[in-house]
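J.: please work out how this folds:
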Amino acid sequence: MSLPGVLEDQVLKVHTATDGQVWYVDGGHGAINTNAPIEGFLVGEACQRARHVRMVGSADNAQALCLLYKRRLDGQLLRLEVASPAVVGRTRAERDDPRLMLVRMRDSAADGLNAAMGGWHEFDENDYPSYAIAAYKKHGKQPFDECSTPAELLVRHPAWVVVHQAYRYA
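T.: Numbers count the residues shown, from 1 in each chain. The predicted model follows:
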């Protein structure tokens, strides 16, 4: 759910298309194709003035989520929220359509769900390792945390303790 007092049209919705180009909805406007990858979007006006960003958690969005998380850690964003792509797009074809995803993010079923059911939640250090590994797999490099290898990211994943203990006692 959005922060109390935050209007939906104050939330920048962002989606990365399968071709790597970033699309967004700013305020009540229609979907805009930046014709640029995430690095180009990050320096653009819409991203620079954004304080609250929402994205669906998908492999195509992994790099963008990690780089926006870095902006959040640096104090350039107040809030970065993520929800399950299955809540917003029912099929792979729907999830691959940036216009449709952005429209559905405006009036999303994810608004009423808790995080465990795929609803909007704050992207944090528990989310970061999964998306950083996905970004690494897709792009062959870390989004911003270059000192971490995929194995080091795996150890930082919240499930690591359980997985590690299961193998130790197996």
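J.: check which helices and strands the strand or helix carrying residue 82 is in contact with.
T.: Using DSSP states H and E, residue 82 falls within strand 79-83. When contacts are defined as 3 or more C-beta pairs under 8 Å, 6 or more residues apart in numbering; DSSP states H and E, strand 79-83 packs onto strand 52-56, helix 62-73, strand 121-122. All C-beta atoms are positioned from the backbone trio N, CA, C, and that covers glycine.
J.: ok, which of these comes nearest residue 154?
T.: Of all the helices and strands packed on strand 79-83, helix 62-73 sits nearest to residue 154, with 14.9 Å by C-beta to C-beta.
J.: now the strands for the chain?
T.: Secondary structure of the chain (DSSP state E): strands located at 12-16, 22-25, 32-33, 52-56, 79-83, 121-122.
J.: tell me how far the third one lies from the chain's centre.
T.: In this case it means strand 32-33. When C-alpha coordinates are averaged (C-alpha atoms, centre = their mean, to the nearest Å), strand 32-33 and its chain have centres 17 Å apart.
J.: for the fifth one, same thing?
T.: Taking the mean C-alpha point of strand 79-83 and that of its whole chain, the gap between them comes to 6 Å (C-alpha atoms, centre = their mean).
J.: if we can go back for a sec, how about a markdown table for the helices and strands packed on strand 79-83, with mean pLDDT added?
T.: A markdown table is the format used below for these (pLDDT from 0 to 100):
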| stretch | mean pLDDT |
| --- | --- |
| strand 52-56 | 95 |
| helix 62-73 | 94 |
| strand 121-122 | 92 |
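J.: and the lowest mean pLDDT element among the helices and strands of the chain?
T.: Lowest on mean pLDDT, DSSP states H and E among the helices and strands of the chain sits helix 160-168, with a mean of 70.
J.: among the helices and strands packed on strand 79-83, which is the most enclosed?
T.: Highest mean neighbour count of those: strand 52-56, a mean of 25 (counted as mean count of other C-beta atoms under 10 Å).
J.: what does that strand rub up against?
T.: Strand 52-56 is contacted from outside by 2-3, 6, 10-15, 61, 64-65, 68, 77-85, 87-89, 95, 101, 105, 120, using C-beta atoms under 8 Å, 6 or more residues apart in numbering.
J.: any of these buried? List them.
T.: By neighbour count, with 16 or more other C-beta atoms under 10 Å, the contacts of strand 52-56 hold 11-15, 61, 64-65, 68, 77, 79-85, 87-89, 95, 101, 105, 120 as buried.
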